[in-house]
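Q: missing the sequence, but the structure's below:
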């Protein structure tokens, strides 16, 4: 998975910046918030208004802060539970804004219903990819597999969108088709992993007086 392989290089790249932020007293949660808000606004007012190249470029800049906040948290001795939840929520918000921007543009002035459908399907599969892993971790499993994780999703959609903004024909079409297939395979891989890891495991029995049935999702 590309995201895992990139982490050592990213850590080296951000090391001087992290040291400067530490001296300035900047927290990881502040970086997370700025990155999320910036990515959402860039997607909405850049990609969503048809400025595909500059919108994708601006989103990329703010998404890079997502790699910085983790390094900053580790440099401070480890992240907090609240910080982890904030980071994950920010990731989902930024992802939704990117695909939402594409849907908004191509359902209006961009006038391409196929791209609207592809963007929506990629958004749904991206959510499922993250949810399966989160739900698995909630019951003590990992499901840390898949050919397309968040890093790959962002590279595909932002590169395709940016190239489309430069006038390269079908760049965003190709990116979304590849992302669609890769995301579907990833969801399947994670379900297979959960099935394999959970073999023989049972959910805890509910105490008397509690409603029966599956736990809320």
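A: Perfect, I can see it now. Everything quoted here is computed from the prediction, not taken from an experiment.

Q: residue ranges with poor pLDDT in this structure?
A: Residues of the chain meeting the criterion pLDDT under 70: 1-11, 204-217.

Q: Any idea which residue is closest to the centre of it?
A: Most central in the chain under C-alpha atoms, centre = their mean is residue 150, positioned 4.2 Å from the mean C-alpha point.

Q: so how far is residue 126 from that residue?
A: Using C-beta to C-beta, to the nearest Å, one gets 8 Å for the distance from residue 150 to residue 126. In short, each C-beta sits where N, CA and C put it, glycine included.

Q: ok, now residue 63?
A: Using C-beta to C-beta, one obtains 14 Å as the distance from residue 63 to residue 126.

Q: just checking, next helix/strand downstream of the host helix or strand of residue 163?
A: For residue 163, the host element (DSSP states H and E) is helix 150-165. Following the chain from helix 150-165 toward its C-terminal end, the next helix or strand by DSSP H and E is helix 171-197.

Q: how far off helix 150-165 does that next one point, in degrees?
A: Per axes from the mean of the first three to the mean of the last three C-alpha atoms, to 10 degrees, the angle that helix 171-197 makes with helix 150-165 is 170 degrees.

Q: what packs against helix 171-197?
A: Taking 3 or more C-beta pairs under 8 Å, 6 or more residues apart in numbering; DSSP states H and E as contact, the helices and strands that helix 171-197 lies on are helix 113-138, helix 150-165.

Q: Name the residues that touch the last one?
A: Contacts of helix 150-165 from elsewhere in the structure, counted by C-beta atoms under 8 Å, 6 or more residues apart in numbering, are 1-3, 6, 47, 51-57, 59-60, 63, 91, 95, 98-99, 102, 122, 126, 129-130, 148, 171-176, 178-179, 182-183.

Q: Please pick the buried ones from these.
A: 3, 47, 51-53, 55-57, 59-60, 63, 91, 95, 98-99, 102, 122, 126, 129-130, 148, 171-172, 174-176, 178-179, 182-183 (16 or more other C-beta atoms under 10 Å).

Q: Which among the helices and strands packed on helix 171-197 is found nearest to residue 199?
A: Closest approach to residue 199 among the helices and strands packed on helix 171-197 (C-beta to C-beta): helix 113-138, 13.3 Å.

Q: Show me what that closest one is packed against.
A: Judged by 3+ C-beta pairs under 8 Å, 6+ apart, helix 113-138 is in contact with helix 81-106, helix 150-165, helix 171-197.

Q: most tightly surrounded among these?
A: Comparing the helices and strands packed on helix 113-138 by mean neighbour count (mean count of other C-beta atoms under 10 Å), helix 150-165 ranks first with a mean of 21.
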